[in-house]
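**Q** no sequence on this one, just coordinates:
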Ligand SMILES: NC(=O)C1=CN([C@@H]2O[C@H](COP(=O)(O)OP(=O)(O)OC[C@H]3O[C@@H](n4cnc5c(N)ncnc54)[C@H](OP(=O)(O)O)[C@@H]3O)[C@@H](O)[C@H]2O)C=CC1
Ligand SMILES: N[C@@H](CC=O)C(=O)O
């Protein structure tokens with residue numbers, strides 16, 4: 001199969017390398033590159049050269065961002081080309097539109113690399129769904145923030161210093177605020193919920209990140225045998241669902257607490273299979289490239305995933321609730337002493353907690369908030 005790669009950066013190069021070294025049945029025939037970087041005869045700065053070429057059967061989009069990725073993906077699908085993408089921002093924003101275009105054109109839309117990098121997460125959700133509903137999912141879906149927390153704890157490193165190291169290593173987003181403010185996990189949570197629950201998941205979910213996490217916060221939780229992880233999660237039951245993204249204080253004895261460096265760990269729960277955990281590299285050139293090449297090979301083998309967002313589950317924020325700790329100088333209504341400088345509110349929904357955090361940030365911009373896991 002002849003394919004084109006849009007965007008020759010960390011992920012695009014990983015895809016090309018894996019295909020060249022290991023997958024002779026696929027040929028990277030064209031690469032969309034910027035006009036000042038045309039170093040290979042396959043490269044073109046003009047997308048029409050790709051979309052109008054009938055020999056190109058599949059387009060890999062790994063440019064990132066919303067536009068022009070959104071337009072290029074739609075043009076490819078409408079031209080009858082399969083699309084494989086790692087771009088969670090554009091999939092989270094336009095999933096239903098892409099799915100409809102792919103279905104109309106009778107082509108594949110494959111998005112494995114958009115969540116969990118090299119981990120076969122989306123394919124596993126789809127496999128579970130052949131038999132039964134996914135009741136819940138949760139996990140560490142962002143390598144950069146896991147790497148930050150891990151390095152702060154292990155090496156006593158400073159937040160900013162580790163973040164720039166994550167950028168150098170190629171797994172932080174171009175705009176790393178997407179990582180540290182939870183936006184990247186929000187996109188991955190939206191995509192996971194869409195596939196797991198058949199919902200056109202709202203973009204308006206409660207999202208908090210680890211921007212204000214300090215070494216003091218880690219020692220505060222550490223004194224109670226807890227550590228902090230940025231967790232995306234979703235739950236559904238009885239025609240309702242809820243999703244959230246927030247720092248969670250988890251027991252140091254859990255698998256989540258012990259996930260090192262930039263690894264991811266995602267979990268799903270379903271009635272007959274029970275709890276399933278998936279661990280691996282959630283980012284990086286070759287792991288992410290590997291997930292894309294797996295999607296390409298699935299497409300060659302005829303796999304055309306279908307996505308159905310018509311189930312009509314109702315969003316119910318009350319489904320996700322529990323205790324929340326705030327390290328702040330602001331006054332938090334209903335809060336009790338937790339540790340010096342920190343208070344706890346016994347039961348809040350994720351949405352209520354996010355609203356309290358917004359209020360607290362007005363008087364103390366350094367406020368940090370974390371949910372306390374039920375297993376702690
Ligand atoms: N890096 C990772 O580990 C992972 C990344 N992803 C996702 O994959 C996507 C790609 O990520 P990554 O490879 O890291 O990003 P990079 O920034 O390394 O690569 C993107 C490349 O696309 C180029 N590009 C952007 N717009 C255009 C355009 N209009 N025409 C031609 N080239 C263009 C960029 O050029 P320039 O730099 O000059 O703008 C850059 O070379 C993103 O959506 C990201 O979120 C998903 C999983 C893991
Ligand atoms: N920035 C992301 C890249 C992969 O999705 C991360 O750190 O996990």
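**A** Yep, it's here. Only a predicted model underlies this, so the values are computations on that prediction, with no experimental measurement involved. Numbers count the residues shown, from 1 in each chain. Ligands and ions are numbered 1, 2, ... in the order given.

**Q** ok, now which ones touch the residue of the stretch 1-150 of the chain found nearest ligand 1?
**A** Residue of the stretch 1-150 of the chain nearest ligand 1, by C-beta to the nearest ligand atom: residue 9 (1.8 Å). All C-beta atoms are positioned from the backbone trio N, CA, C, and that covers glycine. Residue 9 is in contact with 62-64, counting by C-beta atoms under 8 Å, 6 or more residues apart in numbering.

**Q** 7 Å instead?
**A** Shown in contact with residue 9 (C-beta atoms under 7 Å, 6 or more residues apart in numbering): residue 62.

**Q** can you tell me how far it sits from residue 174?
**A** Applying C-beta to C-beta, to the nearest Å, the value for residue 9 to residue 174 is 9 Å.

**Q** Show me what counts as buried in the helix or strand bottoming out on mean pLDDT in the chain.
**A** Using mean pLDDT, DSSP states H and E, the weakest-scoring helix or strand in the chain turns out to be helix 159-168, at a mean of 90. Buried residues in helix 159-168, counted by 16 or more other C-beta atoms under 10 Å: 159, 162-163, 166.

**Q** Around ligand 1, pick out the residues from the stretch 51-200 of the chain.
**A** Within the stretch 51-200 of the chain, the positions near ligand 1 by C-beta under 6 Å from any ligand atom are 62-64, 68, 86-89, 113, 117, 170-171, 173-174.

**Q** give the contact list for the closest residue to ligand 1 within the stretch 151-300 of the chain.
**A** Nearest to ligand 1 in the stretch 151-300 of the chain, going by C-beta to the nearest ligand atom, is residue 283, at a distance of 3.3 Å. With contact set as C-beta under 7 Å, 6+ apart, residue 283 has these partners: 117, 143, 171, 262.

**Q** Which of those residues fall within helices?
**A** residue 143 (DSSP state H).

**Q** Turn the contacts of residue 283 into a markdown table, columns for pLDDT.
**A** A markdown table is the format used below for the contacts of residue 283 (pLDDT from 0 to 100):
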| residue | pLDDT |
| --- | --- |
| 117 | 94 |
| 143 | 94 |
| 171 | 83 |
| 262 | 93 |
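
**Q** Neighbours of residue 2, how many?
**A** 14 (other C-beta atoms under 10 Å).

**Q** so what's it bridging to?
**A** residue 27 (DSSP bridges).

**Q** ok, it to ligand 2 distance?
**A** Distance, residue 2 to ligand 2, using C-beta to the nearest ligand atom, to the nearest Å: 27 Å.

**Q** Can you verify residue 357 is assigned to a strand?
**A** No - with DSSP: H, G, I helix; E, B strand; the rest coil as the criterion, residue 357 is assigned helix and is not in a strand.

**Q** tell me the contacts of it?
**A** 208, 367, 369.

**Q** Let me see the contact set for the second one.
**A** Applying C-beta under 7 Å, 6+ apart, we find residue 367 in contact with 212, 326-328, 330, 357, 360-361.

**Q** how distant is the longest helix belonging to the chain from the center of its chain?
**A** Ordering each helix of the chain by length in residues (DSSP H) puts helix 88-105 first. Distance of helix 88-105 from the chain centroid (C-alpha atoms, centre = their mean, to the nearest Å) equals 16 Å.

**Q** So which elements touch the following helix or strand past it?
**A** Going down the chain from helix 88-105, the next helix or strand is strand 109-110, by DSSP states H and E. Here strand 109-110 touches helix 88-105, helix 285-300, going by 3 or more C-beta pairs under 7 Å, 6 or more residues apart in numbering; DSSP states H and E.

**Q** tell me which residues in the first one are buried?
**A** So the one you mean is helix 88-105. Those would be 88-95, 98-99, 101-102, 105, for helix 88-105 by 16+ other C-beta under 10 Å.

**Q** Report the mean confidence score over that helix.
**A** Mean per-residue pLDDT for helix 88-105: 97.

**Q** Say whether ligand 1 is contacted by stretch 28-35.
**A** Yes - on the criterion C-beta under 6 Å from any ligand atom, stretch 28-35 is in touch with ligand 1 at 32-34.

**Q** Any chance of a ChimeraX selection covering the buried ones in the residues you listed?
**A** Applying 16+ other C-beta under 10 Å to the residues of stretch 28-35 next to ligand 1, the buried members can be selected in ChimeraX as follows:
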select :32,33
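
**Q** Around ligand 2, pick out the residues from the stretch 1-150 of the chain.
**A** Proximity of the stretch 1-150 of the chain to ligand 2 (C-beta under 6 Å from any ligand atom) is limited to residues 117, 142-144.

**Q** One more pass at 8 Å, please.
**A** Within the stretch 1-150 of the chain, the positions near ligand 2 by C-beta under 8 Å from any ligand atom are 86, 88, 114-117, 141-147.

**Q** Among these, which pair sits farthest apart?
**A** 114 and 147 (19.5 Å; C-beta to C-beta).

**Q** ok, the two, which is more surrounded?
**A** When residue 114 and residue 147 are compared for neighbours, residue 114 comes out ahead with 27 against 24, by other C-beta under 10 Å.

**Q** Tell me who's in contact with the more buried one.
**A** 85-88, 91, 191.

**Q** What of residue 170?
**A** For residue 170, the contacting residues are 10, 284-285, by C-beta under 7 Å, 6+ apart.

**Q** CSV please, covering those residues and showing neighbour count, pLDDT and distance to residue 239.
**A** Listed next are these as CSV, based on neighbours: other C-beta atoms under 10 Å; pLDDT from 0 to 100; distance: C-beta to C-beta, whole Å:
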residue, neighbour count, pLDDT, distance to residue 239
10, 20, 94, 41
284, 19, 89, 39
285, 20, 94, 42
